[in-house]
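Q: okay, predicted coordinates and the sequence, questions at the end:
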Amino acid sequence: MSTLSKIPATVITGFLGAGKTTLIRHMLENAGGKKIALIINEFGDLGIDRQIVNGCGIEGCNEDDVVELANGCICCTVADDFLPVMEALVERKDAPDHIVIETSGLALPKPLIRAFNWPEIKTRVTVDGVVSVVDGPALADGQFASNMDAVQAQREQDESLNHENPLEDLFNDQLMAADMILMNKADVLGAEKSQQLIDELTKKLRPGVHVVATSHGNVGVDVLLGLNAGAEDDLDVRHSHHEHHHHDHDDDHDHDDDHHHDHDHDAFESFIVDVAVQADPEQLEAQLIELVQAHNILRIKGFIEVTGKPMRHVVQGVGTRFTRYFDRAWEADEDRQGRLVVIGQAGLDQAAIAAALSDTAQESAA
């Protein structure tokens, strides 16, 4: 079967906080009638990441078009999680026009790309392109993510993770596997610094791979989709620091016997805080920043209700950097209880954090 007759799939890589979810929402909002199915593999407690995307309120963006793989790094769970989902998507009577796969920030790209050569899906789907999202301000500071502690928390909580690559190697693997690089948050950097980073990144890339400066994932869908890379057919040119030891397709996939994990999974914890209706989301954000600094919180994300507003308000924070926006209208019979997931190092004072948020709600309503 020719590549043109297969369903194209775009793989999106990038570290935690780089802006992958924002990019995907932008893609869905500007799909131009194209039916896109989405597979999410980001570190997302209690389905919050899936809900953020499902909240797009976009015509054609249906609940069954969004699948969350929450069992860990996608490159380590290919046989158990990814392939069955892909088979189900391509076998649907209303098969999607395009599949978008948001990988965990810790995912090695090549095992996932290689999976497209497995017989179950090889004749039905192709890798249209690999897009790597880079956090521009973090890179300018000599880091790969804006909150490296949060990246480490993600690594330690993923029980399926069977590779311990240095982050620099993982970052370079994502770059070398990519057909396009999006250097996100360019608006924070300014034109001169953005161009400097683009020039530095370009030197590391395969010939013909472009770096595009973006802000808030705002890049045309026609730029991202339709790359026609057929990435599964040219793996040899996508060099990797870590030629992994994942099982081939004819292995028995007995991961319980073959994978041994020595992560300290008790080093981090997460919990949910119910948040009352807020009159001033900006005031809440200021309080959240204070809590992050006082309690060494790594991530906060969820939804709140704002007084007098008919739309749900999304809150996402990595370290002290927060983004907020109204994503969709509340449904008539929907539970509007605000809820935030708090992720941090073990020993968080959950009572104090919950009490502080309760005080904020009371002050906001006063």
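A: Sure, I can see it.
Q: per-residue confidence for Lys185?
A: Turning to Lys185, the model gives it a pLDDT of 92.
Q: I figured it hits Val133, correct?
A: No. Counting by Cβ atoms under 8 Å, Lys185 sits too far from Val133 to count as a contact (9.8 Å). The C-beta positions use only the backbone N, C-alpha and C, and glycine is treated the same way.
Q: these two: which is more packed in?
A: Between Lys185 and Val133, Val133 has the larger neighbour count (other Cβ atoms under 10 Å), namely 29 against 26.
Q: in contact with the nearest residue to that one once chain neighbours are set aside, which residues?
A: Nearest residue to Val133 in three dimensions, chain neighbours excluded: Gly14, at 3.4 Å (Cβ to Cβ, 6 or more residues apart in numbering). Residues in contact with Gly14 (Cβ atoms under 8 Å, 6 or more residues apart in numbering) are 20, 105, 132-135, 174.
Q: and of those, the nearest to Asp333?
A: Lys20 (31.6 Å; Cβ to Cβ).
Q: surely that closest one touches His26?
A: No. The criterion here is Cβ under 8 Å, and Lys20 misses it with His26 at 10.8 Å.
Q: the helix or strand Val292 falls within - contacts with which helices or strands?
A: Secondary structure assignment for Val292, by DSSP states H and E: helix 281-295. Judged by 3 or more Cβ pairs under 8 Å, 6 or more residues apart in numbering; DSSP states H and E, helix 281-295 is in contact with strand 297-305, strand 311-318, strand 321-329, helix 350-365.
Q: quick one: low-confidence ranges for the stretch 151-300 of the chain?
A: With pLDDT under 70 as the threshold, the stretch 151-300 of the chain has low-confidence stretches at 151-166, 240-268.
Q: mind listing the helices for it?
A: 167-177, 186-189, 191-202, 221-224, 255-258, 281-295 (DSSP state H, counting those that start in this stretch).
Q: compute the inter-axis angle for the first one and helix 191-202.
A: Direction vectors for helix 167-177 and helix 191-202, defined by axes from the mean of the first three to the mean of the last three Cα atoms, to 10 degrees, enclose an angle of 80 degrees.
Q: now helix 167-177: buried residues?
A: 167, 170-177 (16 or more other Cβ atoms under 10 Å).
Q: with the third one instead?
A: Neighbour counts using 16+ other Cβ under 10 Å place 194, 197-198, 201 of helix 191-202 among the buried residues.
Q: could you pull up the mean pLDDT of stretch 332-345?
A: Per-residue scores along stretch 332-345 average to 85.
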